[in-house]
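Peer 1: my questions concern the predicted model and sequence given below.
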Amino acid sequence: MIACSLAIPATSYGQSPALDKLAPAAPQSNGGWVGGIVPAYLVDLFEPHSFHCPRGRYQDQEIPYRLLRPKGGQRAWPLLVWMHGFGEKGDNNYAQLRHLQMMFDKPTGQLGPPFFCVVMQLPADATGWTDNQAAAAGDDPAAVCLDLVDHLLRTEPIDPERVYLSGLSAGGSACWEMLARRPDLFAAAAPLAGSGYGTDPQRIAPLTHLPVWAFHSRADDSLSPQSVRDTVAALKAAGGSVSLTEIDSGAHDCWTAAFRNHGLLEWLLWQRRGGPNRLVPPGLKPIDWKMVAAGATVLLVVGIAIKQELSRRRRAQ
């Protein structure tokens, strides 16, 4: 878990005024929450901006997004692109931060997270992140988000070899499509509680070189994991570096466990485009229960032997 620094002031840094501008501040918080759904400290932590969409259906519209900026003098930082769920769409530029408290603790005065994080808000009139028929013309929100990422790569000190993609629910489903559209943009991805991407070999071929770690609740009461199971199985058969972790739960929320119990954020930050596709992050090796059992047996035998020797010495005194 990353412990964040004090709130970052909402000031523009190296942005192109033609495409990006500072958005109005969020409404006042009530009892530590904004709108009753987002912790106030998250709203303070992420700068409000709007992206002037250059093309397609949303051309010339101001698309709201939030940007978390790292602190320090490093020349190039990683970037995490976060895709929120369908229930957080709109134009208030704060609802899309819902659930991110699982990734960012309340500020403690320590140094902030060592990466950028951008969270675009799905427009209120959108029916979803992706529309395959309109994608080529940039006419769906996923295409707008990719344009925004390209803009940030041009205007911010971001390492182009360390751009990561993750999201939950509808945003998790969108991750697969965005990876397929721009397979050379991202270093790794983590779709959470979303649908899969089918099993067509031609459709999934662009994904085989990317490390992907998907999560889903085994008994998800909103969306069955079968679709993502099928995609992961097809990717593995095609030689892809992909894994699916199923959380033993009936809730739609698998993302809290992914970040808090499985080290997902650390895993993402460990990846680099073109690097080795490693699915297990440092310090989080799978448990070898045979070795655990063998070690426990040895300790038990040694413990018994020590106890017997101590008893023998006491009797001899």
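Peer 2: Structure received. Numbering: from 1, shown residues only.
Peer 1: quick one: distance of stretch 90-97 to the chain centre.
Peer 2: With C-alpha atoms, centre = their mean, to the nearest Å as the basis, stretch 90-97 stands 17 Å off its chain's centre.
Peer 1: ah, wrong one, I meant stretch 178-190
Peer 2: Worked out by C-alpha atoms, centre = their mean, stretch 178-190 lies 13 Å from the chain centre.
Peer 1: list the buried ones in it?
Peer 2: 178-182, 185-190 (16 or more other C-beta atoms under 10 Å). In this view, the C-beta of every residue, glycine as well, is placed from N, C-alpha and C.
Peer 1: which pair of those residues spans the longest distance?
Peer 2: Distance extremes for those: the farthest pair is R181 and A190 at 17.3 Å, using C-beta to C-beta.
Peer 1: longest helix in the chain, by residue count?
Peer 2: helix 289-316 (DSSP state H).
Peer 1: what mean pLDDT does that one get?
Peer 2: Helix 289-316 shows a mean pLDDT of 72.
Peer 1: check stretch 65-83 too.
Peer 2: Stretch 65-83 comes out at a mean pLDDT of 91.
Peer 1: and the strands in the stretch 201-317 of the chain?
Peer 2: Using DSSP state E, counting those that start in this stretch, the strands of the stretch 201-317 of the chain run over 212-217, 242-247.
Peer 1: on that earlier part again, please narrow the buried residues of stretch 178-190 to those residing in strands.
Peer 2: Under the assignment DSSP state E, these contribute 188-190 to strands.
Peer 1: want to try TSV for these, with pLDDT and distance to W129 as columns?
Peer 2: Converted to TSV, those look like this (pLDDT from 0 to 100; distance: C-beta to C-beta, whole Å):
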residue	pLDDT	distance to W129
A188	96	19
A189	97	14
A190	97	16
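Peer 1: and of the residues you listed, the nearest to V81?
Peer 2: Distances from V81 to these, taken as C-beta to C-beta, are shortest for A189 (9.1 Å).
Peer 1: report the buried residues of stretch 229-237.
Peer 2: 231-232, 234-235.
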